[in-house]
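Asks: Sequence first, then the predicted structure, then my questions.
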Amino acid sequence: MTSLLTLHQLSKRFGERQLFNIEQLQIRQATAYVLTGLNGAGKSTLLRVLAGLEPADAARVTFLDSEVRLAPYPRDMREAIVYVHQHPVMFSTSVADNIGYGLVSRGVPKPEVARRVEEAMQWAGVGHLRDSKPTVLSGGEKQRIALARAKVLAPKLLLLDEPTANLDGAAREQVIALIPSLTASGSSVIMACHDRDLIALSGVQRLKLRDGRLQARQQRIRVA
Ligand SMILES: Nc1ncnc2c1ncn2[C@@H]1O[C@H](COP(=O)(O)OP(=O)(O)OP(=O)(O)O)[C@@H](O)[C@H]1O
Ligand SMILES: [Mg+2]
């Protein structure tokens, strides 16, 4: 499978402290990964680095076969890679406005914004909430809206920081159910998580941050 993003010698320091030094990280196209590690291992920081929200050093970076530099963070990568925060911040307008905001700011024509927002709301199962204020919604609804807001931008890579951390029961299952359709539509996904059900999703590759190193493990069980 084709490589989307490959980084060599990716290291991150906070002052004197080196948080991680990753020999190689290769993200393949249309592939899902879970990123695990103890609290403080650097999962959120790594996702933020990949999203261009946090500076870091790398010896060599390739994005879709082109060699790029991390600083300044390339514009096409900024548009192709979307980070979803564990506690998504939303505007107190409507759900539909929140989902469409990124498209509007990219200059997409209004009728196309409306069509793509509708599609994204159906995908996330939040169509009935289109006129609701996001501030009054449940954690699970907010998380699905945040996923719809990311998916509508048709990113090549989605970085999800603990997408199910504060959810249980049906809300958690609804979020987990959305993940395979992201890779089916061609996006790659990296999820930082502790959630066993996400780790066990079929076909998901495992990455583990431990003592500043990244360990990759192939899933042994694959369900067609
Ligand atoms: N801006 C910062 N300045 C200094 N240290 C920081 C900064 N941001 C994070 N750190 C430190 O880096 C370490 C890794 O933090 P990070 O949030 O990436 O871990 P995590 O693996 O996501 O943890 P958790 O499972 O609790 O979410 C922590 O020790 C944290 O205190
Ligand atoms: Mg974290």
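Replies: Structure's in. What do you need? Ligands and ions are numbered 1, 2, ... in the order given.
Asks: same question for stretch 2-14, mean pLDDT?
Replies: Stretch 2-14 shows a mean pLDDT of 97.
Asks: Now do that stretch: distance to the chain's middle.
Replies: Chain-centre distance of stretch 2-14: 16 Å, with C-alpha atoms, centre = their mean, to the nearest Å.
Asks: Buried residues in the lowest-mean-pLDDT helix or strand in the chain, which are they?
Replies: Within the chain, no helix or strand scores below helix 196-199, which has a mean of 77 by mean pLDDT, DSSP states H and E. Across helix 196-199, burial judged by 16 or more other C-beta atoms under 10 Å covers residue 198. All C-beta spots, glycine's among them, are computed from the backbone N, C-alpha and C.
Asks: Show me what that helix is packed against.
Replies: strand 32-36, helix 169-184 (3 or more C-beta pairs under 8 Å, 6 or more residues apart in numbering; DSSP states H and E).
Asks: how about the strands of this structure, start to end?
Replies: Assigned by DSSP state E, the strands in the chain fall at 3-14, 17-28, 32-36, 60-63, 66-68, 81-84, 157-161, 188-192, 205-210, 213-217.
Asks: Output the last one as PDB, nothing but the C-alphas.
Replies: What that stands for is strand 213-217. Provided in PDB are the C-alpha atoms of strand 213-217 (Å, rounded to 0.1, in the frame of the first residue of the first chain):
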ATOM      1  CA  ARG A 213      10.500   5.300  21.200                       C
ATOM      2  CA  LEU A 214       7.800   4.100  18.800                       C
ATOM      3  CA  GLN A 215       7.000   0.500  18.500                       C
ATOM      4  CA  ALA A 216       4.900  -0.700  15.600                       C
ATOM      5  CA  ARG A 217       3.000  -3.900  15.800                       C
END
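Asks: so that strand versus strand 32-36, what angle?
Replies: Strand 213-217 runs at 130 degrees relative to strand 32-36, counting by axes from the mean of the first three to the mean of the last three C-alpha atoms, to 10 degrees.
Asks: Could you number the chain from 40 rather than 1 from now on?
Replies: With 40 as the first residue, the last one maps to strand 252-256.
Asks: Strand 252-256 vs ligand 1: in contact?
Replies: No. Judged by C-beta under 6 Å from any ligand atom, strand 252-256 makes no contact with ligand 1; its nearest approach is 12.1 Å.
Asks: Please name the strands paired to that strand in the sheet, noting orientation.
Replies: Within its sheet, strand 252-256 is paired with strand 244-249 (antiparallel), according to DSSP bridges.
Asks: so how far is the partner strand from its chain's centroid?
Replies: Distance, centroid of strand 244-249 to centroid of chain: 15 Å (C-alpha atoms, centre = their mean).
Asks: Show the contacting residues for the nearest residue to residue 76 once chain neighbours are set aside.
Replies: Spatially, and ignoring its direct neighbours in sequence, residue 76 is nearest to residue 248 (3.6 Å; C-beta to C-beta, 6 or more residues apart in numbering). By C-beta atoms under 8 Å, 6 or more residues apart in numbering, the contact set of residue 248 is 59, 74, 75, 76, 80, 81, 82, 85.
Asks: cool, and residue 80?
Replies: 248, 249 are the contacts of residue 80 under C-beta under 8 Å, 6+ apart.
Asks: what's the distance between it and ligand 1?
Replies: 4 Å (C-beta to the nearest ligand atom, to the nearest Å).
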